[in-house]
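A.B. asks: Dropping a prediction and its sequence here:
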Amino acid sequence: PIAGLFTEAFHGEHYLLAMVLPPDPAADDDATVVPPREVIFVLDISGSMGGQSIRQAKAALALAIDRLDDQDRFNLVIFNHTATALFASPRSADPAQRAMAVQFVNRLEADGGTEMASALRLALAGAPPAGFLRQIIFLTDGAVGNEAELFDLVEKSLGDGRLFTIGIGAAPNSYFMTKAAESGRGTFTHIGKLAEVSDRMEALFAKLESPVMTDLAMTWAVGVTPDLSRDTLPDLYAG
């Protein structure tokens, strides 16, 4: 990895910006080890996702499942007014399990209301085996009304997982999805144009396949109380 530290004094305040560039996993370097992942996909299948939204989301999700490595683990949670998990607990992403999940995704139809809390509880339940990096990918087009309850749920139950939120269209509560992803050491991706859903999701899934530096932390000198732009540091991914 390559790192740089930039400093500036402005109006009596001192600012620091640290930039860390991860190594290239494509390079011929045995020191770069990509950890196995436990990926929990959470898909909104409520009525408002009908039409092009659900078709593109299903296509991108099927591709993401098919791209999982045999060493990975995964599960799929779908929700509208109720929430259901494909498997009772995450399973190994071997070819047979991936094929079963893709068939399940292809049969999904959008219908019903939107209840996110039960879906988050299912997705956040349990913990991955030692050595696995858990990534929860939450995709919805719905507005969020019970922000406080959902924030509390994420903070109490996420553990060592990472939360990545994807909002489709103009309706998602971007404030909630951004803050939830930041506290979950992930990112929020807003896709405003339905025609871009498949390409944008494919780009995100490709990035998440290559976590190259995890569990970043800063240690400050005794007596220094910094004002940080965010309380938790995200992982670094290839690219």
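C.D. replies: Cool, got the structure. Numbers count the residues shown, from 1 in each chain.
A.B. asks: Pull the contacting residues for the closest residue to G50 other than its chain neighbours.
C.D. replies: Once its chain neighbours are removed from consideration, G50 has its nearest residue in A110; the separation is 4.1 Å (CB to CB, 6 or more residues apart in numbering). No exception for glycine: its C-beta is placed from N, CA and C like everyone else's. Contacts of A110 were listed using CB atoms under 8 Å, 6 or more residues apart in numbering, and they are I45, S46, G47, S48, M49, G50, G51, S53, I54, N80.
A.B. asks: ok, now with 7 Å
C.D. replies: Remark: with contacts taken as CB atoms under 7 Å, 6 or more residues apart in numbering, A110 is in contact with I45, S46, G47, M49, G50, I54.
A.B. asks: Give the full set of residues in contact with A181.
C.D. replies: Applying CB under 7 Å, 6+ apart to A181 gives the contacts L163, F164, T165, T187, F188.
A.B. asks: and the residue most central in space within the chain, what are its bridge partners?
C.D. replies: If you average the C-alpha coordinates of the chain and look for the closest C-alpha using CA atoms, centre = their mean, you land on F164, 2.1 Å from that point. Per DSSP bridges, residues listed as beta-bridge partners of F164: I137.
A.B. asks: Tell me where the longest helix sits in this structure.
C.D. replies: Counting by DSSP state H, the longest helix found in the chain is helix 52-66.
A.B. asks: And it, what does it pack against?
C.D. replies: Contacts of helix 52-66 with other secondary structure elements, assessed using 3 or more CB pairs under 7 Å, 6 or more residues apart in numbering; DSSP states H and E, are made with strand 37-44, helix 95-106, helix 197-208.
A.B. asks: of all the contacts of A181, which comes closest to L63?
C.D. replies: For these, the closest approach to L63 (CB to CB) belongs to F164, at 16.0 Å.
A.B. asks: which residues does the closest one contact?
C.D. replies: So F164 contacts Q135, I136, I137, F138, A181, G186, T187, L208 (CB under 7 Å, 6+ apart).
A.B. asks: Output those in JSON lines, with pLDDT and distance to E8 appended to each entry.
C.D. replies: Listed next are the contacts of F164 as JSON lines, based on pLDDT from 0 to 100; distance: CB to CB, whole Å:
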{"residue": "Q135", "pLDDT": "95", "distance to E8": "35"}
{"residue": "I136", "pLDDT": "95", "distance to E8": "36"}
{"residue": "I137", "pLDDT": "94", "distance to E8": "36"}
{"residue": "F138", "pLDDT": "91", "distance to E8": "36"}
{"residue": "A181", "pLDDT": "90", "distance to E8": "28"}
{"residue": "G186", "pLDDT": "92", "distance to E8": "29"}
{"residue": "T187", "pLDDT": "91", "distance to E8": "26"}
{"residue": "L208", "pLDDT": "90", "distance to E8": "33"}
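A.B. asks: Out of those residues, who's the most crowded?
C.D. replies: Among these, the one with the most neighbours (other CB atoms under 10 Å) is F138, at 27 neighbours.
A.B. asks: got the contact list for the residue lying closest to that one once chain neighbours are set aside?
C.D. replies: Computed as CB to CB, 6+ apart, the closest residue to F138 that is not its neighbour in sequence is V42, at 4.4 Å. By CB under 7 Å, 6+ apart, the contact set of V42 is V77, A119, A123, I136, I137, F138, L139.
A.B. asks: mind checking how far the helix or strand hosting the last one is from the chain centre?
C.D. replies: To tie it back to what came earlier, the one meant is L139. Assignment of secondary structure by DSSP states H and E places L139 within strand 133-140. The chain centroid and the centroid of strand 133-140 are separated by 4 Å, computed with CA atoms, centre = their mean, to the nearest Å.
A.B. asks: helices or strands next to it in the packing?
C.D. replies: Under the contact definition 3+ CB pairs under 7 Å, 6+ apart, strand 133-140 sits against strand 37-44, strand 162-168.
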